[in-house]
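**Q** I'd like to go over a predicted model; first the sequence, then the structure.
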Amino acid sequence: MTERSALMEGLVVAGHGRHCMVETPDGQRRICHPRGKKSQAVVGDHVLWQSPPPGQGEEGTIEKVLERRNLFYRQDEIRTKSFAANLDQILILIAAEPVFSESQLARALIAAEAAGIQPLIALNKSDLVEPFARAWERLLPYRHMGGGHHYGVLPLSLSLSAEVDRTLLMQHLQGKTTLVLGPSGSGKSTLINLLVPGASVLTGEISQALNSGKHTTTSTTWYWVDGARTTALIDSPGFQEFGLQHIAPMQLASCMPDIAAHATDCKFYNCTHLHEPGCGVLSALENTLTADGISASRYKIYSDLFAELSHTRY
């Protein structure tokens, strides 16, 4: 019988298909595959792994995924897609142009709330004066949500004032593990390369090592921002399709802070906030001019999502 090596701790820093890149505490990286048929490890997971016996290749084996603080994922009707685990926050990067989808933004925020992870919104291209002013106005409900304390909204111009924006971003990212999400054209690659010089080269190397060829944007990747390895960014593609099938319709209100603030004022404990008499949410919708009112666009997102989640369940 071949002797197995001792279990070692590691951090999953990339994944493609059934293969993962695991980093050891001293910074070495090794390709590993999970034991058994089902791949469980995602980027950000802490795992126990072991080297192969002598003469049996170079790939390690992931033996156990250690307990997670959180797991961020999306779920459509076909499959669940895990993004990352053990996150401190999620940075959602949108831009003045192309015009961002508020529905997409809301879905990402709801998924973050459901997982108990703090979201941060950044609006890029502040140098485009008029488009930026329009986009900033559209973000008014998010800037005011929870008295302005719930969501941070940062203005950025990644193409012009790189050093200023790097300093501003680092104030929010220092010492944390942050997942960066953003639609095409938002400047996500610019942001990653600003904070992690040489990131695209590193991505290419990881991609080649994991046999994913030139599909460098199909897998989630972990980057260290600092030499001390205390600040990390995780880059994940695929912002467009953000299914929320893992959230129950009656759970939805609690994942939208502006709706949740009024959901306890309802006459009925099982209020759907769609048509019931004495509903605190519908009352707040009528008072949109007050500081704690609910905007029509946010309420439409709530009602549309409630219908979507109800439809897929029953």
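**A** Cool, the structure landed.
**Q** Going toward the C-terminus from the lowest-mean-pLDDT helix or strand in the chain, what's the next helix or strand?
**A** Ranked by mean pLDDT, DSSP states H and E, the helix or strand of the chain with the weakest confidence is helix 199-209, at a mean of 68. Following helix 199-209 in sequence order, the next helix or strand is strand 221-224 (DSSP states H and E).
**Q** Helix or strand next in line after that following strand, which one?
**A** strand 232-235.
**Q** With only the CA atoms kept, save that following strand in PDB.
**A** This file holds the C-alpha atoms of strand 232-235, laid out as PDB (Å, rounded to 0.1, in the frame of the first residue of the first chain):
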ATOM      1  CA  ALA A 232      -7.500  40.200  -1.500                       C
ATOM      2  CA  LEU A 233      -9.700  40.800  -4.600                       C
ATOM      3  CA  ILE A 234     -11.700  38.000  -6.200                       C
ATOM      4  CA  ASP A 235     -12.600  38.500  -9.900                       C
END
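**Q** For that strand, name the packing helices and strands.
**A** If you count contacts as 3 or more CB pairs under 8 Å, 6 or more residues apart in numbering; DSSP states H and E, strand 232-235 packs onto strand 177-181, helix 188-195, strand 221-224. Where you see a C-beta, it was placed from the backbone N, CA and C, and this is true even at glycine.
**Q** Nearest to residue 108, out of these?
**A** Distance to residue 108, taken as CB to CB, is lowest for strand 177-181 among the helices and strands packed on strand 232-235, at 5.7 Å.
**Q** Pull the residues that contact the closest one.
**A** Strand 177-181 has contacts (CB atoms under 8 Å, 6 or more residues apart in numbering) with 44, 72, 83-84, 86-93, 108, 120, 188, 191-192, 232-236, 239.
**Q** and if you look at stretch 269-285?
**A** So stretch 269-285 is contacted by 249-250, 253, 259, 261-268, 292-294, 296, 299, 302-303, 306 (CB under 8 Å, 6+ apart).
**Q** Between its first and last residues, how far does that stretch reach?
**A** 19 Å (CA to CA, to the nearest Å).
**Q** Ok, stretch 49-56 next?
**A** For stretch 49-56, the end-to-end distance is 15 Å (CA to CA).
**Q** tell me which residues of that stretch are tucked away?
**A** 49, 50, 51, 52 (16 or more other CB atoms under 10 Å).
**Q** ok, what's across the strand from the second one?
**A** So the one you mean is residue 50. Beta-bridge pairing of residue 50 under DSSP bridges involves residue 61.
**Q** that older thread, I'd like to know which of the buried residues of stretch 49-56 is nearest to residue 163.
**A** For the buried residues of stretch 49-56, the nearest to residue 163 is residue 49 (39.3 Å; CB to CB).
**Q** Can you check which strand is longest in the protein?
**A** Across the chain, the longest stretch assigned as strand under DSSP state E is strand 8-16.
**Q** Check which strands are paired with the following helix or strand past it and give the direction for each one.
**A** Next in sequence after strand 8-16, counting helices and strands by DSSP H and E, comes strand 19-23. Applying DSSP bridges, strand 19-23 is found paired with strand 8-16 (antiparallel), strand 29-34 (antiparallel).
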